[in-house]
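**Q** Below: sequence and its predicted model.
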Number of protein chains: 2
Amino acid sequence: MTMHPLERRDIPAATVTRLPIYLRSLQDLASRGVTGVSSDELAAAAGVRSTQLRKDLSHLGSHGVRGVGYDVGHLTAQLAHALGVTRIWPVAIVGMGNLGRALAAYSGFATEGFDVVAVLDRDPTIVGERVGELTVLPMTALPRLVEERGIAIGVLATSPSGAQEATDALVAAGVEAILTFAPVALTVPPTVSVRRVDLATELHVLAFLRQPDAGVIPSSRGTTRAGSTKVGRAG
Amino acid sequence: MTMHPLERRDIPAATVTRLPIYLRSLQDLASRGVTGVSSDELAAAAGVRSTQLRKDLSHLGSHGVRGVGYDVGHLTAQLAHALGVTRIWPVAIVGMGNLGRALAAYSGFATEGFDVVAVLDRDPTIVGERVGELTVLPMTALPRLVEERGIAIGVLATSPSGAQEATDALVAAGVEAILTFAPVALTVPPTVSVRRVDLATELHVLAFLRQPDAGVIPSSRGTTRAGSTKVGRAG
DNA sequence: GAATGTGAACTCCTTCACAGCA
DNA sequence: TGCTGTGAAGGAGTTCACATTC
């Protein structure tokens, strides 16, 4: 899965993953009537250091005023433009189990510039069911959806065993960006972008951090390493 | 949210986030009757390069046989031990909206060594409702749950505006590991670990990658950078 | 004076190249 | 010979220090 390359036009991958957070923080500020903000303030809201924020923004060009700070409206527009959220992106969700239904109902997508325009499942007993305002479609509907609705992003909420099949269907239909929740490696052509959200892995990492004594691993060589004991946190 | 420190006992943070994937791949192999595996094969199954896999495993000690490969059973045990999944971790989910309910029903947690033993919500009209085999509890039940059920991990599926309040309640009750789906920065004591899953951010990144021309950012200086055009993919 | 923008140092991670062993 | 384990090299990302500009 590897946090593979992801760069475009000189914006580092790590920066790209933070831009949405800045954008959201700015929108939040704007909704509270704030019109100007310093890198210190915005960084605090986003949960990063101000030098990180400034370095990130520097990849988009210079949009602040020295001695003053950033104009909330202007910076918002710049970030939205950089991320390509000046338009609404139609999204299809494949797999209408518990997770798929929750995602279909998740209001967060709508407010962030994404519109779930279709939900699909390969199971004929589920096809035709109502999910919110949508009707579950069969997988055969994909090519047409891509063509007519301009779907460019597919969300995969299938079982692990069905993930590759669903991926192949998405790719065959012309979808080139996939967000998957299935904890398996997907094989895709190099032109297709995949991002994976792995819930169990996140819990595993937390469990690892909470382990009091995980430290001592029985090594065939009998070595025991002490190790730094920093513990993760998030601002 | 910064991929903040996370190391313990000399296992790099980046490695820790991959160990669960290896573990799952191994379990999958075992279920198919495979007893031995090479780093090439396991790496392919996990979607990483074999040198990466071997370097990662080297942090746990030497458990392979040169010229042969790894014993699936033995390596599985080592990984499970390193990650601390030799026990079942009780988990509480806070926030019983769509997402919270889906997570409560998500079978993935159970198969990975986690057990959702309680679901909570601050809304009195939801408290008492049935969610699967559980009854929604009020937030006041938290301290007791931590004490009696040994809950060490909390999952936050609240609205963004309710996230900090829920976090404070979890922390006050003694929970020191939080997985949050709310797209806001959380303030926690340094002893508390937080991991965030941000669905909208993942879509934003995909949208960014799919943008044909995002490149040209109107800069006040009029500079335009060409930029490398590598595109992310995941194996 | 105050806060941005950025080269340089530093730290962390990945990949390479190959030594070491069955 | 085949595959693991690892030092060294190479990249990427973060932090520092400070020049720059309003």
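**A** That came in fine, so what should we check first?

**Q** Can you list the buried residues in the helix-or-strand element of chain A with minimal mean pLDDT?
**A** Within chain A, confidence by mean pLDDT, DSSP states H and E is lowest for helix A:107-111 among all helices and strands, at a mean of 88. Neighbour-count burial for helix A:107-111, counted by 16 or more other Cβ atoms under 10 Å in any protein chain shown, picks out A:108-109. (Each C-beta comes from the backbone N, C-alpha and C, glycine too.)

**Q** Could you give the separation of it from the chain centroid?
**A** 13 Å (Cα atoms, centre = their mean, to the nearest Å).

**Q** Which residue ranges of chain A form strands?
**A** Applying DSSP state E to chain A gives strands spanning A:36-37, A:64-65, A:69-71, A:89-94, A:114-120, A:130-131, A:134-135, A:153-156, A:177-180, A:193-196.

**Q** So which of those strands is the most surrounded?
**A** Ranked by mean neighbour count, these are led by strand A:153-156 with a mean of 26 (mean count of other Cβ atoms under 10 Å in any protein chain shown).

**Q** From the contact counts, what lies against that strand?
**A** Identification of packing neighbours for strand A:153-156 by 3 or more Cβ pairs under 8 Å, 6 or more residues apart in numbering or on different chains; DSSP states H and E yields strand A:89-94, helix A:160-173, strand A:177-180, helix B:199-210.

**Q** Check which helices and strands the second one sits against.
**A** Just to be clear, that refers to helix A:160-173. Against helix A:160-173 (3+ Cβ pairs under 8 Å, 6+ apart) you get strand A:89-94, helix A:142-149, strand A:153-156, strand A:177-180.

**Q** Around DNA strand C, pick out the residues from chain A.
**A** When proximity is defined by Cβ under 7 Å from any atom of the strand, chain A lies next to DNA strand C at A:2-3, A:38-40, A:50-51, A:54-55, A:57-58, A:62-70.

**Q** still on that earlier bit, would you mind giving the helices and strands packed on strand A:153-156 as TSV with mean pLDDT added?
**A** As requested, those are exported to TSV (pLDDT from 0 to 100):
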stretch	mean pLDDT
strand A:89-94	97
helix A:160-173	97
strand A:177-180	98
helix B:199-210	95
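
**Q** Of those, which is nearest DNA strand D?
**A** Between DNA strand D and the helices and strands packed on strand A:153-156, the shortest gap by Cβ to the nearest atom of the strand is with helix B:199-210, which sits at 12.1 Å.

**Q** Figure out how far that closest one is from the centre of its chain.
**A** Counting by Cα atoms, centre = their mean, helix B:199-210 is centred 19 Å from the centre of its parent chain.

**Q** buried residues in it?
**A** B:199-210.

**Q** can you list the domain ranges for chain A.
**A** Here the domain parsing of chain A from automatic domain parsing is A:13-82, A:89-200.

**Q** Within range of DNA strand D, give me the residues from chain A.
**A** Applying Cβ under 7 Å from any atom of the strand, we find that chain A lies next to DNA strand D at A:12-15, A:48-49, A:51-52, A:55, A:65-68.

**Q** burial measure for A:Gln52, as a count.
**A** Residues lying near A:Gln52 (other Cβ atoms under 10 Å in any protein chain shown) number 16.

**Q** ok, so what distance separates it from chain B?
**A** Per Cβ to the nearest Cβ, to the nearest Å, A:Gln52 is found 7 Å from chain B.

**Q** list the contacts for the closest residue to that residue other than its chain neighbours?
**A** The shortest distance from A:Gln52 to any non-neighbouring residue, by Cβ to Cβ, 6 or more residues apart in numbering or on different chains, is to A:Ala43 (6.9 Å). By Cβ atoms under 8 Å, 6 or more residues apart in numbering or on different chains, the residues touching A:Ala43 are A:49-50, A:52-53.

**Q** which non-adjacent residue is nearest A:Ala92?
**A** Per Cβ to Cβ, 6+ apart, closest to A:Ala92 is A:Ala118, 4.3 Å.

**Q** so that neighbour touches A:Leu137, yeah?
**A** Yes. Counting by Cβ atoms under 8 Å, A:Leu137 is a contact partner of A:Ala118 at 6.0 Å.

**Q** Quickly list what's touching both of the two.
**A** Taking Cβ under 8 Å, 6+ apart as the contact rule, A:Ala118 and A:Leu137 both touch A:Leu145.

**Q** ok, for A:Gly64, nearest residue in space, not its chain neighbours?
**A** A:Tyr70 is the one closest to A:Gly64 (Cβ to Cβ, 6+ apart), at 4.6 Å.

**Q** wait, isn't the one you found in contact with A:Gly36?
**A** Yes. Contact criterion Cβ under 8 Å: A:Tyr70 and A:Gly36 qualify, at 6.9 Å.

**Q** circling back to that earlier point, which one of the helices and strands packed on helix A:160-173 lies nearest to A:Leu186?
**A** When the helices and strands packed on helix A:160-173 are compared by Cβ to Cβ, strand A:177-180 sits nearest A:Leu186, at 6.3 Å.

**Q** so where's chain A uncertain?
**A** For chain A, applying pLDDT under 70 flags the ranges A:1-9, A:212-235.

**Q** Longest helix in it, please.
**A** Ordering each helix of chain A by length in residues (DSSP state H) puts helix A:13-31 first.

**Q** Just give the nearest non-adjacent residue to A:Ala200, would you?
**A** B:Glu112 (4.0 Å).

**Q** Confirm for me that that neighbour is in contact with B:Val85.
**A** Yes. Using Cβ under 8 Å, B:Glu112 is in contact with B:Val85, at 7.2 Å.

**Q** State the distance from A:Gly113 to chain B.
**A** Counting by Cβ to the nearest Cβ, the gap from A:Gly113 to chain B is 7 Å.

**Q** Tell me the spacing between that residue and DNA strand D.
**A** Between A:Gly113 and DNA strand D the computed distance is 24 Å (Cβ to the nearest atom of the strand, to the nearest Å).

**Q** check contacts around that residue.
**A** A:85, A:87-89, B:204, B:207.

**Q** about what we covered before: residues shared between the contacts of B:Glu112 and B:Val85?
**A** Both B:Glu112 and B:Val85 are contacted by A:His204, under the criterion Cβ under 8 Å, 6+ apart.

**Q** do you know which of the helices and strands packed on helix A:160-173 lies nearest A:Tyr22?
**A** strand A:89-94 (18.9 Å).
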